[in-house]
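What follows is a predicted protein model with its sequence.
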Amino acid sequence: MNLNPLTQINLFEHKEIFNQLYKLSKNDTLPNKILLSGEKGIGKSTLAYHLINLVLSENEEHPYDFEKNKINPDNKSYKLILNKSNPNFYLIDVLEEKKNIDINQIRELIINLNKSSFNNKKRFVLIDNIELLNLNSINALLKILEEPNENINFILINNNKRVLPTLKSRCLNFKVFLTKDQSIRIVNQLLDDDINTIINNKLFDYYATPGKLFKLIKLSEEYDLDFVNSNLNRTLTTMIKNKIYKKDKSIIEIIYSFIELYFRNNISSKNINLLKSYHYFLEKINNTRTYNLDEETLFMEFEDKILNG
């Protein structure tokens, strides 16, 4: 299953936010700086692509179907974005070999924005993972946002990380979220199956997003992991012992979630030692994320002190 937000022509949830944006667009009052914040894998980028197609496909053949919340795959603007050749759309995201969005990417954006538009349509700049902007790139972006062009719309995507107040204050802010049931419903619709036949319901935590759930499905297929009958203790032991997080860095966040879920399932006011361990490992996870520390040391310590202790 391809979870690339660009290829998701159906918008299954987030309809309340989308309806607000739709009304703003129809009234020609859509702000040219929008910030979408929420858990990674929750559908923020999908929401952004639907808004972009809604605006760009207007007055084109095969326009956006608002009644069904669906992009028409035959629409010209959509196909041009798919082919990375739409003059009215520009995407910035962290490059595969990099840890941050660097200043050169913002400089390239400035060059692009200074070019004349081929038509009178709005132009959209989508910046994903804005928490990965480094200091220089943030400052350069702020200068662009301070001198807005009415015909250019910025959509910024933040994965529930701290956003610089000066950046946040320049945008219309939306908090994007899904309940656990909504996440499961989206996955079932995309799978055309029941995820409970693939993953034990006890492994779902309230951080679960469609992105994370699909990652679990992919894990179960690639590494022959039994997520139906296995309990959380055995699952964590298998994932840490086999070091599968070294093969796919995105698995690290899933293990972090499972560690938190393990403590939440086992902690009690009577078990003071486990409560202390919970706060200890929570701090270690935060430090590892913040300072890009070696996660293997954390995982091995958790296995030794908690799973085997």
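Happy to help now that I have it.

and residue 73, how far is that from residue 114?
According to C-beta to C-beta, to the nearest Å, residue 73 stands 32 Å off from residue 114. All C-beta spots, glycine's among them, are computed from the backbone N, C-alpha and C.

Oh, that last question was meant for residue 123, not what I typed.
From residue 123 to residue 114 the distance is 12 Å (C-beta to C-beta).

just to revisit the earlier point, quick one, which of residue 73 and residue 114 is more surrounded?
Using other C-beta atoms under 10 Å as the criterion, residue 73 and residue 114 rank with residue 73 on top: 11 against 8.

and that one, that's in a helix?
No - using DSSP: H, G, I helix; E, B strand; the rest coil, the assignment for residue 73 is coil, not a helix.

How about the contacts made by it?
Taking C-beta atoms under 8 Å, 6 or more residues apart in numbering, we find residue 73 in contact with 9, 79.

Flag the shaky bits of the stretch 101-250 of the chain, pLDDT-wise.
The stretch 101-250 of the chain contains residues with pLDDT under 70 at 148, 205-207.

how does it look with 90?
Along the stretch 101-250 of the chain, segments meeting pLDDT under 90 span 114-121, 134-135, 146-151, 160-166, 179-181, 190-209, 211-235, 238-239, 244-250.

Contacts for stretch 74-93, please.
In contact with stretch 74-93 (C-beta under 8 Å, 6+ apart) are residues 6-7, 49, 52-53, 56-57, 60-64, 71-73, 101, 105-106, 109, 112-113, 117-119, 121-129.

Stretch 158-178 too?
Residues from elsewhere that reach stretch 158-178, judged by C-beta under 8 Å, 6+ apart: 13-14, 17, 20, 31, 33-40, 42-44, 47, 129-131, 138, 141-142, 145-146, 154, 156, 186, 209-210.

Over to stretch 27-40?
Contacts of stretch 27-40 (C-beta under 8 Å, 6+ apart): 21, 24, 44, 47-48, 55, 130, 145, 148-150, 152-160, 163, 167-168, 170-178, 207, 209, 211, 253.
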